[in-house]
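Novice: Build me a model from this:
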Amino acid sequence: MPHDMNPSPSADGPDATGTSGRAPGAGRSTAPGSTHAAGNTPAPGTAPRRTGTRWRVVDIVVAAIIGVAAGVVFLAWSSSVYPVFSSWSSVAFPPALGLIAGMWVLAGPLGGLIIRKPGAALFCELLAATTEAALGSQFGPQILITGTLQGLGAELVFWWLRRRQARGARRLAAYTLTTALLAGLGSGIAMSVGDIVILYPAWAPMHQLTYAVLGWISATALAGGLSWLIYRAILPTGALSSFASGRDARPTRDAAA
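Specialist: Below you'll find the model as predicted:
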């Protein structure tokens with residue numbers, strides 16, 4: 001992060017021998033990595049500065065809010081939508097449950113989009129699963145395992161994105177709708193693996209494969225697409241002004257214009 005420049009006590013005044021007339025700004029020291037002057041601020045539309053990887057207090061607080069709120073949504077989804085859909089699919093076609101499974105992986109992509117720090121997607125998804133379990137989810141503590149897998153699926157996508165940014169890549173190196181959809185897909189792949197192993201090991205292989213594919217589609221749309229819509233809806237409120245996700249929004253809109 002940029003550091004403020006502290007001028008030497010004698011930068012603009014007489015030196016120890018009483019002589020004066022130093023050039024303005026002489027004697028100023030600049031810490032490595034600091035900005036040099038207010039006029040050197042990058043112009044709007046240029047590539048945003050890379051943010052640090054160290055978590056701040058505000059990052060932890062907002063990630064906790066996302067995780068807990070998502071956990072409440074997960075519980076509501078498990079208590080209302082799941083029983084109805086499960087009753088129908090158990091008679092019609094059990095693997096169709098994959099169509100609603102994507103909602104349970106929303107926290108990871110959303111947290112990764114907003115916080116943009118290593119571990120954010122995993123933290124939010126795991127906290128959401130913990131919240132759901134603590135509030136009495138019918139799936140019990142096993143969702144802590146599936147939640148961890150789902151968070152890792154999204155985290156892997158954001159890790160890959162940061163790697164591309166570090167290497168100066170131009171394509172697929174920004175937080176866009178494509179990134180959100182890929183994060184949703186990553187969570188969906190991890191979700192399908194966990195669910196098949198833990199919840200549906202007795203299903204026929206073709207049913208398991210069908211559930212997995214439907215889960216990938218659902219996670220891409222519900223977790224990836226919905227997280228992007230939520231993020232874009234929050235932007236105009238200014239609530240993300242202290243995050244890179246909020247500061248990068250103006251150049252993105254200007255460039256698109």
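Novice: use CA for all of it now, contacts and neighbours both
Specialist: Noted.
Novice: residues in contact with residue 63?
Specialist: 111, 115, 120, 123-124 (CA atoms under 8 Å, 6 or more residues apart in numbering).
Novice: quick one: buried residues of the host helix or strand of it?
Specialist: Counting by DSSP states H and E, the element that carries residue 63 is helix 57-76. Buried residues in helix 57-76, defined by neighbour count with 16 or more other CA atoms under 10 Å: 59, 62-75.
Novice: With stretch 157-168 instead?
Specialist: Across stretch 157-168, burial judged by 16+ other CA under 10 Å covers 157-159, 161-162, 164-165.
Novice: now swap in stretch 170-189 and tell me
Specialist: 173-175, 177, 179-189.
Novice: outside of it, which residues touch it?
Specialist: The contact list for stretch 170-189 (CA under 8 Å, 6+ apart) reads 102, 105-106, 108-110, 113, 149-158, 161-162, 164-165, 212, 215-225, 227-228.
Novice: Where does pLDDT dip in the stretch 1-150 of the chain?
Specialist: Within the stretch 1-150 of the chain, the segments meeting pLDDT under 70 span 1-51.
Novice: try 80
Specialist: Scanning the stretch 1-150 of the chain for pLDDT under 80 picks out 1-52.
Novice: measure residue 124 to residue 64 for me?
Specialist: 7 Å (CA to CA, to the nearest Å).
Novice: ok, now how distant is residue 247 from residue 60?
Specialist: 18 Å.
Novice: picking that back up, for residue 199, state which of the buried residues of stretch 157-168 is nearest.
Specialist: Nearest to residue 199 among these, counting by CA to CA, is residue 157 at 25.1 Å.
Novice: excluding its backbone neighbours, what's nearest the closest one?
Specialist: Using CA to CA, 6 or more residues apart in numbering and skipping the chain neighbours, the partner closest in space to residue 157 is residue 183 (5.5 Å).
Novice: Let me see the mean pLDDT of the host helix or strand of that neighbour.
Specialist: Residue 183 is part of helix 177-198 when elements are defined by DSSP H and E. Average pLDDT, helix 177-198: 96.
Novice: Determine the set of other helices and strands touching the helix or strand following it.
Specialist: Next along the chain after helix 177-198, taking DSSP H and E as the criterion, comes helix 205-218. Applying 3 or more CA pairs under 8 Å, 6 or more residues apart in numbering; DSSP states H and E, one finds that helix 205-218 contacts helix 98-101, helix 177-198.
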